[in-house]
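# Predicted model and sequence below, questions to follow.
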Amino acid sequence: MIAARLRSTALLAATALTALTIGSGMAHADAHADAGSEQKGVLKGSTTASYFWDDSSGRAGDTGLPAAGKPMQKGLVASPSWPLMTEGYVMYQGKKLPFFVGDRGPGDPSSDGVMLDLDAKTFADLTGGRFNPSTLGVDGAGGEGHIKIDYVVTKWGNGVGKKSYPVSFSSGAWSEKDKNPTIQQVSVKNPTG
């Protein structure tokens with residue numbers, strides 16, 4: 001009798017794990033669908049974005065690895081309020097690129113409405129600029145340091161943070177667990193560019 005219950009419990013756990021794995025894979029596939037297709041998201045909006053690149057040398061004011069413990073890379077963005085490892089994509093002038101929240105920031109600019117800090121390589125690709133590894137900045141972006149972008153969140157991260165429209169760093173939302181995520185179930189056509 002006990003052995004039968006243990007087998008039933010193990011089977012139930014395996015079934016649940018399989019369902020979670022399949023569901024997670026499908027969400028990831030939605031985030032990276034082919035151009036011209038429709039994608040699903042949980043939140044859509046617009047904000048002003050800046051850029052950064054932390055190479056852990058301290059020369060850009062950084063103090064080590066980004067908050068999520070992942071090395072700096074293309075697609076890693078900083079958010080003042082979304083949970084770490086939140087995934088989605090940003091769009092600017094017909095270009096669309098994926099992101100994941102791997103760090104916190106921008107600090108003071110978020111008080112002025114800059115709610116997403118893109119990695120410098122993504123910023124360069126969106127604006128037609130070029131990432132400069134010597135300065136960790138973006139050259140040839142027409143002097144742009146801030147751009148108005150559209151975003152779609154496709155998957156919320158599991159940690160602390162506000163699962164809704166971004167709010168400034170000073171709100172402290174980045175340190176609180178949000179148990180009621182905003183779910184819009186938006187569909188967005190991919191840009192053609």
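Received, thanks.
# Please report how far the residue sitting nearest the centre point of the chain lies from residue 113.
Closest residue to the average C-alpha location of the chain: residue 100 at 3.0 Å, with C-alpha atoms, centre = their mean. To residue 113, residue 100 is 22 Å away according to C-beta to C-beta, to the nearest Å. C-betas here are computed from N, CA, C, even on glycine.
# For the chain, which residues score under the pLDDT cut-off?
Applying pLDDT under 70 to the chain flags the ranges 1-39, 59-63, 185-193.
# Without its sequence neighbours, what residue ends up closest to residue 111?
Nearest residue to residue 111 in three dimensions, chain neighbours excluded: residue 168, at 4.9 Å (C-beta to C-beta, 6 or more residues apart in numbering).
# What is the neighbour count of residue 97?
Neighbour count for residue 97, taken as other C-beta atoms under 10 Å: 18.
# Give the full set of residues in contact with it.
75, 89, 90, 122, 125, 126 (C-beta atoms under 8 Å, 6 or more residues apart in numbering).
# Next, the buried residues of stretch 91-109.
91-92, 96-97, 99-106, 109 (16 or more other C-beta atoms under 10 Å).
# Tell me the one of the residues you listed nearest residue 84?
Among the buried residues of stretch 91-109, residue 101 lies closest to residue 84 (C-beta to C-beta), at 5.4 Å.
# ok so, going back, quick check: the gap between the residue nearest to residue 111 and residue 58.
26 Å.
# quick one, which of these two is more surrounded?
The neighbour count for residue 168 versus residue 58, taken as other C-beta under 10 Å, is higher for residue 168 (20 against 10).
# shouldn't that one be in contact with residue 114?
No - using C-beta atoms under 8 Å, residue 168 is not in contact with residue 114, being 9.2 Å away.
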